[in-house]
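Q: coordinates for the following, if possible.
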Amino acid sequence: MGRGGAISEGVLKKIFLSYTYVAIWIFLSFTVIVYNKYILDRKMYNWPYPISLTMIHMGFCSSLAYLLVRVFKLVDPVSMSWDLYFKSVVPIGLLYAVSLWLSNSAYIYLSVSFIQMLKALMPVAVYSIGILFKKEQFKTNVMANMVSISIGVAIAAYGEAKFDTWGVILQLGAVAFEATRLVMIQILLNSKGITLNPITSLYYVAPCCLVFLSVPWMFVEYPLLKESSSFHLDFFIFGTNSFCAFALNLAVFLLVGKTSALTMNVAGVVKDWLLIAFSWSVIKDAVTSVNLLGYGLAFLGVCYYNHAKLMAMKAKEAEEAQKKAAQVDEEAGRLLEEREGSDAFAAKKADTQD
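A: Below is the predicted model of the structure:
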């Protein structure tokens, strides 16, 4: 009974920790999104400079990542040549910079709830770009699922009370660049056996983003900031905002490392619904029944996509386990044959000596 109680206590502790990791990630993701909206929206803090905000984030994250990797040595850097860095990391940094720039820009024009609905197109973008780069195989049933997600998002867009064409273009561009970045990570890094956790990812990628963002910043936002009193930053607002962005990366590392990517996807769905509810109830953004109908359809499509991915992953793991078991059996059979042969030889040698 005591032993059973100890096992139950261990299971409960594991469940409690998993829910804690999920809650931390949802809270930080929720906070970063709402905080960015607060800073960029003209009706709130009214600091509509998305490139500058993204650069502040990247500068802050680069500095902290450097301290964690090089000074405190809490995370080991990846062995990487300069040639590999420029051919693999730099292109990913460019895609990440543009994705963040566009996604933060969308907060100026669109509501938080509608942006979350548009983000439901991410699986569609990743799958389509994966096919383009030959990382995914075209399958009719998967494409039908992608079409259902797209139709759901289109219905949500049709029902949007404050539809802004430029804002939608910015958010769709952000989704496209982020999806391309995810596919390129598989092609340029994972295929070469290089895996970056959120800390090492920021260590290598954030400085690239900062450099790439500085080019449009010089021509687009610097002249405006130079003429505006907004050039004088509120260090508390931007410091806490940047810290939340960095903490979110740590939470991703904690959540995926201690649970799984699937848990993060499920938590993401919960977070999206919470953001939609928050946007409607607190920020007072208009959310129509057509919005919810469309997003509900897209939501079902995304859930089916994640389920199919999970089933495929389990099938692959089972296949690999069977292959490993077959190899073990084959090796055991070979060793048994060698042993029987050795025993037969020893017996024959003993008979000859007699």
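Q: which strands or helices does the helix or strand where residue 124 lies pack on?
A: Element membership of residue 124, judged by DSSP states H and E, is helix 122-132. Secondary-structure packing of helix 122-132 (3 or more C-beta pairs under 8 Å, 6 or more residues apart in numbering; DSSP states H and E): helix 140-158, helix 165-188, helix 289-353. Where you see a C-beta, it was placed from the backbone N, CA and C, and this is true even at glycine.
Q: export these to CSV and tack on distance to residue 220 and mean neighbour count?
A: Shown next, in CSV, are these (distance: least, C-beta to C-beta, whole Å; neighbours: other C-beta atoms under 10 Å):
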stretch, distance to residue 220, mean neighbour count
helix 140-158, 27, 17
helix 165-188, 14, 19
helix 289-353, 32, 13
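Q: which one of those lies nearest to residue 47?
A: helix 165-188 (17.2 Å; C-beta to C-beta).
Q: what about the closest one, average pLDDT?
A: Here helix 165-188 scores 94 as its mean pLDDT.
Q: and it, C-alpha only, in PDB?
A: C-alpha atoms of helix 165-188 as PDB (Å, rounded to 0.1, in the frame of the first residue of the first chain):
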ATOM      1  CA  THR A 165      -6.600  44.800 -45.900                       C
ATOM      2  CA  TRP A 166      -3.100  46.000 -45.100                       C
ATOM      3  CA  GLY A 167      -3.100  44.400 -41.700                       C
ATOM      4  CA  VAL A 168      -4.200  41.100 -43.200                       C
ATOM      5  CA  ILE A 169      -1.400  41.300 -45.800                       C
ATOM      6  CA  LEU A 170       1.100  41.900 -43.000                       C
ATOM      7  CA  GLN A 171      -0.100  39.000 -40.900                       C
ATOM      8  CA  LEU A 172      -0.300  36.600 -43.900                       C
ATOM      9  CA  GLY A 173       3.200  37.600 -44.800                       C
ATOM     10  CA  ALA A 174       4.400  36.900 -41.300                       C
ATOM     11  CA  VAL A 175       2.800  33.500 -41.400                       C
ATOM     12  CA  ALA A 176       4.500  32.800 -44.800                       C
ATOM     13  CA  PHE A 177       8.000  33.900 -43.600                       C
ATOM     14  CA  GLU A 178       7.600  32.000 -40.300                       C
ATOM     15  CA  ALA A 179       6.600  28.800 -42.100                       C
ATOM     16  CA  THR A 180       9.500  29.200 -44.500                       C
ATOM     17  CA  ARG A 181      11.800  29.600 -41.500                       C
ATOM     18  CA  LEU A 182      10.500  26.400 -39.900                       C
ATOM     19  CA  VAL A 183      11.100  24.400 -43.100                       C
ATOM     20  CA  MET A 184      14.500  25.900 -43.700                       C
ATOM     21  CA  ILE A 185      15.500  24.900 -40.100                       C
ATOM     22  CA  GLN A 186      14.800  21.300 -41.200                       C
ATOM     23  CA  ILE A 187      16.800  21.700 -44.400                       C
ATOM     24  CA  LEU A 188      19.700  23.800 -43.300                       C
END
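Q: number of nearby residues for the residue lying closest to residue 136 once chain neighbours are set aside?
A: With sequence-adjacent residues excluded and distances taken as C-beta to C-beta, 6 or more residues apart in numbering, residue 136 is closest to residue 130, at 3.3 Å. By the criterion of other C-beta atoms under 10 Å, residue 130 has 19 neighbours.
Q: pretty sure residue 130 contacts residue 138?
A: No. Contact criterion C-beta atoms under 8 Å: residue 130 and residue 138 do not qualify, at 9.8 Å.
Q: circling back to that earlier point, closest to residue 34 out of the helices and strands packed on helix 122-132?
A: Nearest to residue 34, of the helices and strands packed on helix 122-132 and by C-beta to C-beta, is helix 165-188 at 16.4 Å.
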